[in-house]
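In: Predicted model, plus sequence, below.
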Amino acid sequence: MWSLMWLPLAVNLVLAATGPTLARALHPRVGVRLLPGAMLVVASGTGVVLASLGFLALAQIPAVAAMGNWSPIALRATQLGPVPVEVTAGVAMLLLLASALRQTLHAGRLLVRADATCRRCGAHTHGLVVVEDDVPDAYALPTLPRHIPGHPPGGINGRIVVSTAMLRALSADERRVVLAHEAAHLAGHHHLYVQLAELAAAANPLLRPTARAVRLSIEREADEAAAAEVGDRRLAARALARAALAKAETSKQRRVARVALAATDGFVAQRATALLSPAPRPRRLLAAGLVLLAAVTLMGTAAAANRTDDSLDAAERPVTATALAALPALAG
């Protein structure tokens with residue numbers, strides 16, 4: 001049983017090493033939906049294992065053991081390693097939990113800011129807002145769940161904001177690409193997946209490269225949706241490149257909520273190359289492997305929680321000769 005509890009830590013290392021590669025290899029639509037969930041499962045499982053180790057060390061403190069009616073001797077016989085190692089695990093878990101809570105609050109503030117910006121934009125047909133600005137820009141802003149004219153009820157709706165400078169920089173067909181890209185962000189609830197990946201990375205820093213890769217997958221999915229909308233992959237690649245170039249030529253910095261998703265936000269060369277290649281193929285085996293990693297993590301997480309509970313239950317019993325003889329078996 002003890003060996004099973006190490007599975008979340010092992011899967012954590014596997015996902016940290018392969019996450020960016022998986023994000024590039026999976027079809028963007030599949031990767032966007034599977035990777036953030038798998039990251040959260042792995043980060044949570046790692047936290048449970050660290051918490052289990054830390055609590056077993058904490059429970060050996062006489063005052064804590066007295067409150068739980070546990071025998072420190074019995075608990076000490078089942079510990080996996082030196083007490084300092086278990087204490088370090090517990091402290092690490094608390095720090096990672098604090099980081100995850102901070103990220104959750106930060107994401108909430110970003111969404112509230114984006115929602116407030118959308119409210120200031122007023123009601124516009126299909127959520128499109130054109131602003132007078134000399135800076136070429138286009139991005140999608142989500143709103144808190146509520147009905148917006150031009151949008152179906154429910155879900156995270158929002159606005160597509162585009163500047164007059166961006167409209168002037170692009171041809172009519174290229175505008176269709178950029179607007180379709182931003183519409184795909186809102187229709188796919190991409191802001192939610194970004195925040196889920198960022199939350200997992202905050203709870204487990206080893207997953208930060210994978211969180212960045214999720215952002216690329218999100219942009220790739222929006223690119224594919226835009227290319228399908230206009231029916232021309234080369235046009236989509238050209239529009240993406242021209243929009244990015246137009247935005248890069250200005251030095252003016254704009255302060256918008258980081259929750260905004262823009263067609264020109266990074267990875268432009270990789271995305272243009274992908275658009276000039278054939279459409280991505282489904283990778284069902286890779287997707288199944290990612291689901292398997294999450295399932296293995298859940299199994300190990302359950303094993304860690306159950307084994308910790310068993311150790312505490314055993315420590316509540318009177319320490320008799322029979323109980324002491326059974327402790328080595330528990331430790332194994």
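Out: Nice, I can see it.

In: Flag every buried residue along stretch 269-289.
Out: Residues of stretch 269-289 classed as buried: 271-272, 274-275, 280, 283, 286-287 (neighbour count, 16 or more other CB atoms under 10 Å). Glycine gets a C-beta too; all of them are placed from N, C-alpha and C.

In: The residues you listed: which two are farthest apart?
Out: The largest separation in the buried residues of stretch 269-289, counting by CB to CB, is between 272 and 287 at 25.4 Å.

In: I'd like the next helix or strand past the lengthiest helix in the chain.
Out: Determined from DSSP state H, the single longest helix within the chain is helix 83-121. Downstream of helix 83-121, the first helix or strand assigned by DSSP states H and E is strand 128-131.

In: quick one: buried residues of whichever helix or strand comes after that following strand?
Out: Using DSSP H and E, the next helix or strand after strand 128-131 towards the C-terminus is strand 138-142. For strand 138-142, the neighbour count (16+ other CB under 10 Å) marks 138-142 as buried.

In: which strands and helices sit next to strand 138-142?
Out: For strand 138-142, the helices and strands in contact under the criterion 3 or more CB pairs under 8 Å, 6 or more residues apart in numbering; DSSP states H and E are helix 83-121, strand 158-163, helix 172-187, helix 190-203.

In: Alpha carbons only: can I get it in CSV?
Out: Taking Å, rounded to 0.1, in the frame of the first residue of the first chain, the C-alpha atoms of strand 138-142 are listed here in CSV:
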residue,chain,number,x,y,z
ALA,A,138,-7.6,42.9,-30.8
TYR,A,139,-8.5,40.7,-27.8
ALA,A,140,-11.3,38.7,-26.2
LEU,A,141,-12.5,39.6,-22.7
PRO,A,142,-14.7,37.1,-20.7
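
In: Let's test this: mean pLDDT of it, rounded?
Out: Mean per-residue pLDDT for strand 138-142: 88.

In: Stretch 305-313 too?
Out: 83.

In: Next: stretch 207-223.
Out: pLDDT averaged over stretch 207-223 gives 95.

In: again, but for stretch 238-250
Out: Mean pLDDT, computed over stretch 238-250, is 84.

In: just how off-centre is it within its chain?
Out: 28 Å (CA atoms, centre = their mean, to the nearest Å).

In: what's the answer for stretch 182-200, then?
Out: Stretch 182-200 has its C-alpha centroid displaced from the chain centroid by 9 Å (CA atoms, centre = their mean).

In: Turn the buried residues of strand 138-142 into JSON lines, columns for distance to residue 248.
Out: Putting the buried residues of strand 138-142 into JSON lines (distance: CB to CB, whole Å) gives the following:
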{"residue": "138", "distance to residue 248": "14"}
{"residue": "139", "distance to residue 248": "15"}
{"residue": "140", "distance to residue 248": "19"}
{"residue": "141", "distance to residue 248": "21"}
{"residue": "142", "distance to residue 248": "25"}
